[in-house]
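>>> Make a model of this:
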Amino acid sequence: MKKLYGLLPAAGHGMRMRPFRYPKELLPVYYESVNQDEYVRPKLLIEHSLNAFSLTGIQDIYVVVPEWKPEIMRYLEDGEQFYHHIAYLYNGKAAGLADALLSGYPWLKDKYTCFAMPDTLFSPANGFESLQQMMDEKNADLVLGVFPTNEPQHFAPVEFTSDQRVIGTEEKPASTAFNNTWGIALWSPAFWEFFKNENKDLEHGISVTQTFDKAAKSDLRVYCVYFEHGWYKDVGRIDNITIA
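Just a heads-up that it's a prediction; the model follows:
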């Protein structure tokens, strides 16, 4: 079985949360009991993605951070408290998600990489297991985790066939026939090269969703896992905090 690595991009300014300035990835989203209810501790937003990696046996994780979010490093440290090995990749440009992900290219280009957003919540939490199974079954280069949503205009809907081959992806469409969104992803070294080539000119680079769309229309093998009874929440949107 392929060894998987985790990638969490946390290099943005969080403009959608203004005037809130604290790293949104460290928002407490729920509480858990410890030592048979001896006390409770807050679970921070970023821990949801870390837990999702843990459930798939992923230990080695790369977190992309800028200089204005040292609190993330102070909280996660080396990852031992979360049963991970965490390394930090610096990106101080805040040039978008694609640029943040490319920070991982020199370190992960020859590895199978699981990607999640550290400011989201999703179910099932062990979704990466299904993505790994699909990748092995189809010998895929890219597998998207797709979740139902009633507001696809805020997300990135995916069109796919009955055997879950991806036909295309859309970027926050004004209208669409697909009430879903991709939320997590697993990709191969072959997709890393495709991603790098499509975004090599960062000034004119395309979005991650557009890159997925171009990959689906290329010779790469692009599939998805549709979690029919799952859900996906973008807590980076201020209007979703109370919902989360």
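>>> For the lowest-mean-pLDDT helix or strand in the chain, list every residue counted as buried.
Lowest by mean pLDDT, DSSP states H and E among the helices and strands of the chain is strand 28-34, with a mean of 83. Neighbour counts using 16 or more other CB atoms under 10 Å place residue 29 of strand 28-34 among the buried residues. The way it works is simple: take the backbone N, C-alpha and C, and place the C-beta from them, glycine included.
>>> Setting the sequence-adjacent residues aside, check what's closest to the most centrally placed residue in the chain.
The centroid of the chain falls nearest to residue 116 when counting by CA atoms, centre = their mean (1.7 Å). Distances taken as CB to CB, 6 or more residues apart in numbering put residue 49 closest to residue 116, at 4.1 Å, once the chain neighbours are dropped.
>>> can you tell me how far that neighbour sits from residue 218?
Remark: distance between residue 49 and residue 218 (CB to CB, to the nearest Å) = 28 Å.
>>> Just want to know which of these two has more residues nearby.
Per other CB atoms under 10 Å, whichever of residue 49 and residue 218 has more neighbours is residue 49, with 28 against 13.
>>> ok now do that one, which residues does it touch?
Contact partners of residue 49, counting by CB atoms under 8 Å, 6 or more residues apart in numbering, are 6, 8, 116, 117, 118, 120.
>>> now with 7 Å?
8, 116, 118 (CB atoms under 7 Å, 6 or more residues apart in numbering).
>>> wait, which of those is closest to residue 208?
residue 116 (12.4 Å; CB to CB).
>>> how far away is that closest one from residue 173?
Residue 116 is 23 Å from residue 173, where distance means CB to CB.
>>> and what of residue 194?
Residue 194 is 23 Å from residue 173, by CB to CB.
>>> Tell me where the protein has helices.
For the chain, the helices defined by DSSP state H occupy 45-54, 70-76, 97-102, 105-108, 127-138, 189-198, 208-216.
>>> Mind putting these into CSV with mean pLDDT?
Formatted as CSV, the helices of the chain follow (pLDDT from 0 to 100):
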stretch, mean pLDDT
helix 45-54, 97
helix 70-76, 97
helix 97-102, 94
helix 105-108, 98
helix 127-138, 98
helix 189-198, 97
helix 208-216, 97
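>>> ok, back up a step: neighbour count winner among residue 194 and residue 173?
A direct count of neighbours by other CB under 10 Å for residue 194 and residue 173 places residue 194 higher, at 20 against 14.
>>> Show the contacting residues for the more buried one.
215, 218, 220.
>>> switch to 8 Å and redo it
With contact taken as CB under 8 Å, 6+ apart, residue 194 is in contact with 141, 211, 215, 218, 220.
>>> quick one: the residue nearest to residue 87 when sequence neighbours are not counted and residue 80, what's the gap?
Closest residue in space to residue 87, ignoring its immediate chain neighbours: residue 62 at 5.3 Å, by CB to CB, 6+ apart. The spacing between residue 62 and residue 80, counted by CB to CB, is 16 Å.
>>> the more surrounded of these two?
residue 62 (20 against 10).
>>> What's the separation between the more buried one and residue 118?
Per CB to CB, residue 62 is found 12 Å from residue 118.
>>> tell me, what's touching the two both at once?
residue 8.
>>> that older thread, tell me which of the contacts of residue 49 fall in strands.
Secondary structure from DSSP state E places residue 8 of the contacts of residue 49 in strands.
>>> hang on, isn't residue 140 packed against residue 223?
Yes: contact status for residue 140 versus residue 223: in contact at 4.7 Å, counting by CB atoms under 8 Å.
>>> any common contacting residues for these two?
In contact with both residue 140 and residue 223: residue 134, using CB under 8 Å, 6+ apart.
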